[in-house]
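A.B. asks: Coordinates for the following, if possible.
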Amino acid sequence: MAETFSAWLVEDKQSGPAARLTRLGEDALMQGDVDVAIEASTINYKDGLALTGKAPIVRRFPLIPGIDFAGRVTRSGHGGFAPGERVVATGWGLGETHHGGLAERARVNGDWLVALPPALTTRQAMAIGTAGFTAMLSVMALERAGVTPDRGEIVVTGAAGGVGSIATAVLAKLGYDVVASTGRTEEAAYLKRLGAREAIGRDAFAGDVKALARSRWAGGIDVVGSTTLAHMLSQMQPDGVVAACGLAQGMDLPGSVAPFILRGVSLIGINSVTCPQALRGEAWRRLERDLDREALAAMTSAIGLGEARETGERVLKGQVRGRVVVDIGA
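C.D. replies: The predicted structure follows:
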């Protein structure tokens, strides 16, 4: 009897995309030169959208959702990887155009994989996941732009979510003065445990956007977009820098050019999907070094593969703190 594996599968039904947990054969896998036995995945915002069908994240059907995974190589036709090696995958259309990580097996292009740093387990890699990888790319962008800890306060929006939690923890460990912004003010104690000096409500970035507001922030990491990002830009110090990596509030930017031309503010976009391999490797090495393991554990919970859809619904409702690891096979 042919070997099968468990997987979530999103199919295109008359009523719209629908996800179900099923078993698939090897013939269901897509093209790729590396096979991976997945040990852990995670639930990101995109995964919630794919599992619930609430947005057209999946662009070909049927498709296994899950935009990231970590596991061990079982077969390789790629010169960079050998069977038994531990790898992590994020981006490159996983869970959107190519079968993703909410399954026991994956077959992918070896160029999409990164060797897992030795001090990280596969479970820790997915506690980090796409969210933490994106957070580290954002931190590195601020550093490259010259934002050092002595410059002043750094604000992180959506701080109780996955990207925001890891950005807060990394910045704090690096010595930055972090102010965490969240719509869930009940999470203030949690954010301070991660290293934030202060937690503020989202009302600091609400209402009509001024061309220039009172300057406060030396830098910022924004996962919200829209009005929140416009307010943040208007509040930046001269030569302040914002790394923008999300659009939870919207894709619009209802602001002014005034911060850019009168204060010299910089807005840097973060692309975690197709960023170069060298940058990927550097980001994962930095995560191994600069993310406190206790802080990571404090922001992480775990579920089994069968709980993925329910958890995705909770992620979309803003009911999940930090990171959720999917223990494949649990």
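
A.B. asks: helices or strands up against the helix or strand that Ala302 is a member of?
C.D. replies: Per DSSP states H and E: Ala302 is located in strand 300-304. If contacts are counted by 3 or more CB pairs under 8 Å, 6 or more residues apart in numbering; DSSP states H and E, strand 300-304 sits against strand 323-327. For glycine as for every other residue, the C-beta is placed from the backbone atoms N, C-alpha and C.

A.B. asks: which residue sits closest to Ala7 in space, ignoring its chain neighbours?
C.D. replies: Excluding the flanking residues, the one nearest Ala7 by CB to CB, 6 or more residues apart in numbering is Ala103, at 3.4 Å.

A.B. asks: scratch that, Glu104
C.D. replies: Nearest one to Glu104, counting by CB to CB, 6+ apart, is Phe5 at 4.0 Å.

A.B. asks: SS state for that neighbour?
C.D. replies: strand (DSSP: H, G, I helix; E, B strand; the rest coil).

A.B. asks: Who does it form a beta bridge with?
C.D. replies: Note on Phe5: beta-bridge partners by DSSP bridges are Leu24.

A.B. asks: before we move on, what about the one 5 residues further on?
C.D. replies: Listed beta-bridge partners, Val10: Ala19, Leu63 (assigned using DSSP bridges).

A.B. asks: Assess the claim that the residue nearest to Glu104 and Ala106 are in contact.
C.D. replies: No: Phe5 is not in contact with Ala106 according to CB atoms under 8 Å; the separation is 9.6 Å.

A.B. asks: So these two - more neighbours on which side?
C.D. replies: Using other CB atoms under 10 Å, the more surrounded residue of Phe5 and Ala106 is Ala106, with 31 against 19.

A.B. asks: between the helix ranked longest in the chain and strand 323-327, how many degrees?
C.D. replies: Counting by DSSP state H, the longest helix found in the chain is helix 122-144. Calculated by axes from the mean of the first three to the mean of the last three CA atoms, to 10 degrees, helix 122-144 forms an angle of 150 degrees with strand 323-327.

A.B. asks: Could you shift the numbering so residue one becomes 614, and keep it that way?
C.D. replies: Got it, first residue is 614 now, which makes that one helix 735-757.

A.B. asks: List the buried residues of helix 735-757.
C.D. replies: Residues of helix 735-757 classed as buried by neighbour count (16 or more other CB atoms under 10 Å): 735-755.
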